[in-house]
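Undergrad: test case, fold it:
(one chain, ligands or ions: 1)
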Amino acid sequence: QVPRPGPKYACYPPHVLIWPLPALGHVNSMLKLAELLSHAGIKITFLNSEHYHERLVRHSSDVFSRYMNLPGFQFKTITDGLPKDHPQTVDNFHELLNSLASVTPPLLKDMLTDAKSPVHCIISDGLMSFAIDVAKQVGIPIIYFRTVSACAFWAYFCIPEIIDAGELPIKGNEDMDRLIKHVPGMEKFLRCRDLPSFCRAEDPMDMNLQLVVSETRSSVRADGLVLNTFEDLEGPVLSQIRAHCPKIYTIGPLNAHLKARIPENTHSSNSLWEVDRSCIAWLDNQPSKSVIFVSFGSVAVMQRDQLIEFWYGLVNSHKRFLWVIRPDLISGKDGENQIPKELDKATKERGYIAGWVPQEEVLGHKAVGGFLTHCGWNSTLESIVARMPMICWPSFADQQINSRFVDEVWKLGLDMKDLCDRKIVEKMVNELLVERRAAFMKSADRMANLAIKSVNEGGSSYCNLDHLINDIRMMSS
Ligand code: UDX
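TA: Below is the predicted model:
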């Protein structure tokens, strides 16, 4: 048992160890949580993998120094146990988790039993159940943080029932529109194609699928669950989850919450790549709401022929476009993402290509009128806060279900799921920016107002963050 902080520590602020899964979308949003807690006077140790810490220091020294300047904030590093040249892609996600599970528990235990710096609470990524085992051994409360939407969490949670009912595996393409009946609350609209991408495995015992499911189910063993969402967005789904995990803190959208609590912080984006800001000057010269912004997040990859379909669709839409083409977006050889010759002139006239942009700033720019996104959860929330209608082209994990909710439930855009055709890209861009613009803007305004309300004083996310802070304080008293 770790020495419990008795009266001798009474003057110390509560100390929380925050431990994200080493992946950009996870590190990024848990850093935001860390900043909010630090602002409330909580001492933070942020445990980064050596790989991500090196990236943070090398590519984002400004983000790194901003955090280092927060009072009571420190970074610590821990190995992920993988060789330096391990690809760390979605397909071998289980290798990362298995490696973390085998090498980190003794290291974590040492850290937690260091009497010089007692930890009162762990907030770990909700995909790392081995952290719960260690926390229980040393007697420190542990709260889970999941980076995904509540709707994705709930679908993962229900997968054992879906499998038991024989609704998985999916039997080929012709089976994709079949409705799934065993995710309570989603019976009327959730199709096979909307389930998280891991469900597309031919074998329901697939390692990635089983791992995400068992990790999701482990949430019931944590002392609480923090979700980056808000009650007005996902209330009905949250009620379902609460039947299994009663202590849920919905504190999102985190980007808006940071701005509401710390108005002087103008940097809520924690980009871990070098940002190319030249696109802002280009946007400054475009008419209001004329540009479609295209970005597929930090991990998703596409084939060269898919890139070409998007390129033709964007050019043929005759709309202006700003497109993030990361150096590693295209799976293939060097140079394969060069502009097709026949599209060169139109791209120079109406388009702008960048490797990595300040996404939140772009979404808030007056020239941008729509977002073609992979529907990663951070991007979806950033789009909601920016009142930006979406075209969704999901790639993996939770993105398939997020995009269904964006279109069918929240009416915030169009789900292009599983299609990649220049004619459809062209049609949807025009629908979003012109033909159905008024209807989408109405829903986007409504949802953005609810999001902002939730993070302002008295709002649900604001109050829930206060509950979390109070609960952490109680743990240290
Ligand atoms: C992944 C999953 O896709 C996501 O669904 C899960 O919830 C977390 O892990 P990622 O694919 O990177 O994350 O997508 P997303 O969650 O949207 O995060 C991307 C982040 O990168 C966003 O915060 C976005 O603002 C930022 N970004 C993206 C930039 O700052 N600049 C860019 O050019 C592109």
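Undergrad: return the distance of stretch 467-477 from the chain's centre.
TA: Taking Cα atoms, centre = their mean, to the nearest Å, one finds stretch 467-477 lying 26 Å from the centre of the chain it belongs to.
Undergrad: how about that stretch: buried residues?
TA: Going by neighbour count (16 or more other Cβ atoms under 10 Å), the buried part of stretch 467-477 is Leu468, Ile469, Asp471, Ile472, Arg473, Met475, Ser476. No exception for glycine: its C-beta is placed from N, CA and C like everyone else's.
Undergrad: likewise for stretch 293-311?
TA: Buried-residue list, stretch 293-311, by 16+ other Cβ under 10 Å: 293-302, 307, 309-311.
Undergrad: what does stretch 249-268 give?
TA: Applying 16+ other Cβ under 10 Å to stretch 249-268 flags 249-261, 268 as buried.
Undergrad: likewise for stretch 222-239?
TA: Under 16+ other Cβ under 10 Å, the buried positions of stretch 222-239 are 222-234, 237-238.
Undergrad: ok, and does it reach over to the ligand?
TA: No. Stretch 222-239 does not reach the ligand (Cβ under 6 Å from any ligand atom); its nearest approach is 8.1 Å.
Undergrad: rounded mean pLDDT for that stretch, please.
TA: For stretch 222-239, mean pLDDT is 98.
Undergrad: end-to-end on that stretch?
TA: Taking Cα to Cα, to the nearest Å, stretch 222-239 runs 18 Å from one end to the other.
Undergrad: out of the buried residues of stretch 249-268, the closest to Leu343 would be?
TA: Asn255 (33.6 Å; Cβ to Cβ).
Undergrad: residues near the closest residue to the ligand within the stretch 301-450 of the chain, how many?
TA: Of all residues in the stretch 301-450 of the chain, the one sitting closest to the ligand is Gly376 (2.3 Å; Cβ to the nearest ligand atom). Close neighbours of Gly376, defined as other Cβ atoms under 10 Å, add up to 26.
Undergrad: repeat that for the one 4 residues further on.
TA: A total of 28 residues lie near Thr380 under the criterion other Cβ under 10 Å.
Undergrad: surely it forms part of a strand?
TA: No. Applying DSSP: H, G, I helix; E, B strand; the rest coil, one finds Thr380 to be helix, outside a strand.
Undergrad: you'd agree it is up against Val406?
TA: Yes. Taking contacts as Cβ atoms under 8 Å, Thr380 lies within contact range of Val406: 6.6 Å.
Undergrad: joint contacts of those two?
TA: Met390 (Cβ atoms under 8 Å, 6 or more residues apart in numbering).
Undergrad: quick one, what contacts Pro287?
TA: Contacts of Pro287 by Cβ under 8 Å, 6+ apart are Ala367.
Undergrad: that one and Val368: what is the separation?
TA: Distance check for Pro287 against Val368: by Cβ to Cβ, to the nearest Å, it reads 11 Å.
Undergrad: equivalent analysis for Arg178, please.
TA: From Arg178 to Val368 the distance is 37 Å (Cβ to Cβ).
Undergrad: higher neighbour count, those two?
TA: Between Arg178 and Val368, counting by other Cβ under 10 Å, Val368 is the more crowded of the two (22 against 13).
Undergrad: bridge partners for the more buried one, pull those for me.
TA: Val291 (DSSP bridges).
Undergrad: that one contacts Val362, correct?
TA: Yes. Using Cβ under 8 Å, Val368 is in contact with Val362, at 6.2 Å.
Undergrad: now for those two: what residues contact both?
TA: With contacts defined as Cβ under 8 Å, 6+ apart, the residues shared by Val368 and Val362 are Leu283, Phe293, Leu322.
Undergrad: and of the residues you listed, the nearest to Phe189?
TA: The closest of these, once distances to Phe189 are taken by Cβ to Cβ, is Phe293, at 27.1 Å.
Undergrad: give me the helices and strands touching the helix or strand hosting that closest one, please.
TA: Per DSSP states H and E: Phe293 is located in strand 291-295. Here strand 291-295 touches helix 304-316, strand 320-324, helix 359-363, strand 368-373, going by 3 or more Cβ pairs under 8 Å, 6 or more residues apart in numbering; DSSP states H and E.
Undergrad: any chance of these in JSON lines, with distance to the ligand and mean pLDDT too?
TA: Output for those, formatted as JSON lines (distance: least, Cβ to the nearest ligand atom, whole Å; pLDDT from 0 to 100):
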{"stretch": "helix 304-316", "distance to the ligand": "16", "mean pLDDT": "95"}
{"stretch": "strand 320-324", "distance to the ligand": "4", "mean pLDDT": "97"}
{"stretch": "helix 359-363", "distance to the ligand": "3", "mean pLDDT": "96"}
{"stretch": "strand 368-373", "distance to the ligand": "7", "mean pLDDT": "98"}
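Undergrad: which among the ones you listed is found nearest to Asp418?
TA: helix 304-316 (11.5 Å).
Undergrad: got the angle between that closest one and strand 320-324?
TA: Counting by axes from the mean of the first three to the mean of the last three Cα atoms, to 10 degrees, helix 304-316 lies at 150 degrees to strand 320-324.
Undergrad: adjust the sequence numbering to begin at 15 for everything that follows.
TA: OK, 15 is where the count begins now, so the last one is helix 318-330.
Undergrad: any idea of the angle helix 318-330 forms with strand 305-309?
TA: 170 degrees.
Undergrad: contact partners of helix 318-330?
TA: By Cβ under 8 Å, 6+ apart, helix 318-330 touches 306, 308, 316, 335, 337, 339, 343-344, 346, 350-351, 353-354, 357, 360-361, 364-365, 386, 434-440, 443.
Undergrad: which of those are buried, as a PyMOL select command?
TA: Entered in PyMOL, the line below selects the buried ones among the contacts of helix 318-330, by 16+ other Cβ under 10 Å:
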select buried, resi 306+308+316+335+337+339+343+344+351+353+357+360+361+364+365+386+434+436+438+439+440+443
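Undergrad: so which of the contacts of helix 318-330 are in strands?
TA: Under the assignment DSSP state E, the contacts of helix 318-330 contribute Ile306, Val308, Phe335, Trp337, Gly365, Leu386 to strands.
Undergrad: and the fifth one, how far is that from Cys293?
TA: Right, the one you point to is Gly365. Taking Cβ to Cβ, one finds Gly365 at 11 Å from Cys293.
Undergrad: find residues that contact each of these two.
TA: Joint contacts of Gly365 and Cys293 (Cβ under 8 Å, 6+ apart) are Leu336.
Undergrad: on contacts alone, who are the packing partners of the helix or strand encompassing Asp76?
TA: Using DSSP H and E, Asp76 falls within helix 75-82. In terms of contacts (3+ Cβ pairs under 8 Å, 6+ apart), helix 75-82 is packed against helix 38-53, helix 64-73, strand 87-92.
Undergrad: contact residues of the stretch 265-414 of the chain facing the ligand?
TA: 283, 285, 309, 311-314, 338, 370-371, 373-374, 390-393, 396, 411-413.
Undergrad: that older thread, of the helices and strands packed on strand 305-309, which is nearest Pro210?
TA: So among the helices and strands packed on strand 305-309, strand 382-387 is nearest, using Cβ to Cβ, at 16.8 Å.
Undergrad: and for the closest one, what's in contact with it?
TA: 297, 302-311, 324, 336, 376-377, 393-394, 397, 402-407, 427, 439, 443, 446-447, 451.
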